[in-house]
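A.B. asks: Sequence and predicted structure below; questions after.
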Amino acid sequence: MAEIRTIYNAINEGNVMKRYVDLRNIKIESRNDLLKTCQVFRNPKFETFRIIYMRNNSIINYESITSKLPNSCNVFRVKANTPYLKDIKGFEDINRRMYRLGANGYYLQHNHPSGNAKASIEDMILTERLSKNVKGFKGHIIIDHGTYAWIEKDNRTGKLKAENNILIEYLPTLNTQDVIKDSPLLHKTISSRNELARLMYDVKHSNNYSCLVLTSATNNIRLFQELPNTFINMSYRQIGGYIKNRCINTGSIRAFLATMDRPFFERAKDLVKLGYVTDCIAYMITKDKSEIIEGADKESIDQDIFKSLNINKKKLMNKEGEDLSIWKKQVKIYKKK
């Protein structure tokens, strides 16, 4: 098979934490202290939830929980027959851990790989439930890129309140502009088929190649690759696995295929139906524009491939009888918008 070419990758591997960081005995006396400490946890690839255990104003330990997905995290990984029992066991585990550590308080922290530092409804619900079932809640910080969100209890009403998209003025963002500042794809978004077609006109490539474009929750392009047309001859399982792994590695939730090759397009339409791809187009280049010839049977420009694959529970068989049920349902305690 001809080589897959990466034209653009928005993720700088040097910005991703790859080892355990010892935070013990670090003093946290203000929200800014916590913000500075947690910057080491920023990750543009996937979401990670952390519980930071405190004794008075000192960190004594923390734990990290991740499903290695860009828009969700299964916070409670204990086994239980129902979601309710799963949550109760999760709260009990945290309470026992606090007792063993001698902790008298805790902070919550997680990241939004999309770069939108806004507390979602799911974030608020999870924080509310944790703060009610585990004593010692001090605050919940949501970070990534150059902003953060803060959830805390209102001293007057006792209810949770959130501040969103607060600018971090003294820290550089995680954007890889220093590495790819000359790329024309840096600030490009894909929110329609026309924008995808326009991108095909702007980025010239060989007729023997088709294009894979991955985008984040905010529609920003995270990866642009040229795929040899023979790539589509692999099994659906192999293609789906490749795309899913690229999404995880780049913090993407949507995948698009664009091609001028008819056989490639026919199989790409099947990939959309199965949930492996968000949308696809067949197009042609004229003198001054890229023209869409045909799209998938149903336009699904907003389809999150992780959601669509989780919904697809039963086994699907393609025309050759290939088993396509490789995606296990993942229980999501909270999801990012």
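C.D. replies: Nice, I can see it. Numbering: from 1, shown residues only.

A.B. asks: What residue, apart from its backbone neighbours, is nearest Phe91 spatially?
C.D. replies: The shortest distance from Phe91 to any non-neighbouring residue, by C-beta to C-beta, 6 or more residues apart in numbering, is to Asn133 (4.0 Å). (Each C-beta comes from the backbone N, C-alpha and C, glycine too.)

A.B. asks: For burial, what's the neighbour tally of that neighbour?
C.D. replies: By the criterion of other C-beta atoms under 10 Å, Asn133 has 15 neighbours.

A.B. asks: List the contacts of it.
C.D. replies: Residues in contact with Asn133 (C-beta atoms under 8 Å, 6 or more residues apart in numbering) are Ile88, Phe91, Asn95.

A.B. asks: Relative to Tyr53, how far out is it?
C.D. replies: With distances taken as C-beta to C-beta, to the nearest Å, Asn133 is found 16 Å from Tyr53.

A.B. asks: Distance check, the residue nearest to Phe91 against Glu29.
C.D. replies: 26 Å.

A.B. asks: Next: Lys298.
C.D. replies: Distance from Lys298 to Glu29, by C-beta to C-beta: 54 Å.

A.B. asks: same deal with Ala258?
C.D. replies: Ala258 is 52 Å from Glu29, by C-beta to C-beta.

A.B. asks: Comparing those two, which residue is more hemmed in?
C.D. replies: Taking other C-beta under 10 Å, Ala258 and Glu29 do not tie; Ala258 has more neighbours (25 against 10).

A.B. asks: Could you name the residue of the protein that is farthest from its center?
C.D. replies: Relative to the centre of the chain, and counting by C-alpha atoms, centre = their mean, the farthest-placed residue is Lys287 at 37.5 Å.

A.B. asks: secondary structure class for that one?
C.D. replies: Here Lys287 is coil, with the state taken from DSSP: H, G, I helix; E, B strand; the rest coil.

A.B. asks: if you go through this structure in chain order, where are the helices?
C.D. replies: 31-38, 83-101, 121-133, 177-180, 193-202, 236-250, 262-274, 305-311 (DSSP state H).

A.B. asks: can I get these in CSV with distance to Ser114 and mean pLDDT?
C.D. replies: CSV is the format used below for the helices of the chain (distance: least, C-beta to C-beta, whole Å; pLDDT from 0 to 100):
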stretch, distance to Ser114, mean pLDDT
helix 31-38, 17, 87
helix 83-101, 25, 83
helix 121-133, 13, 91
helix 177-180, 17, 40
helix 193-202, 18, 88
helix 236-250, 12, 90
helix 262-274, 22, 93
helix 305-311, 13, 64
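
A.B. asks: which residues are contacting stretch 279-299?
C.D. replies: Contact partners of stretch 279-299, identified using C-beta under 8 Å, 6+ apart, comprise 193-194, 196-198, 200-201, 256-260, 262, 265, 268-269, 271-273, 300-301, 303.
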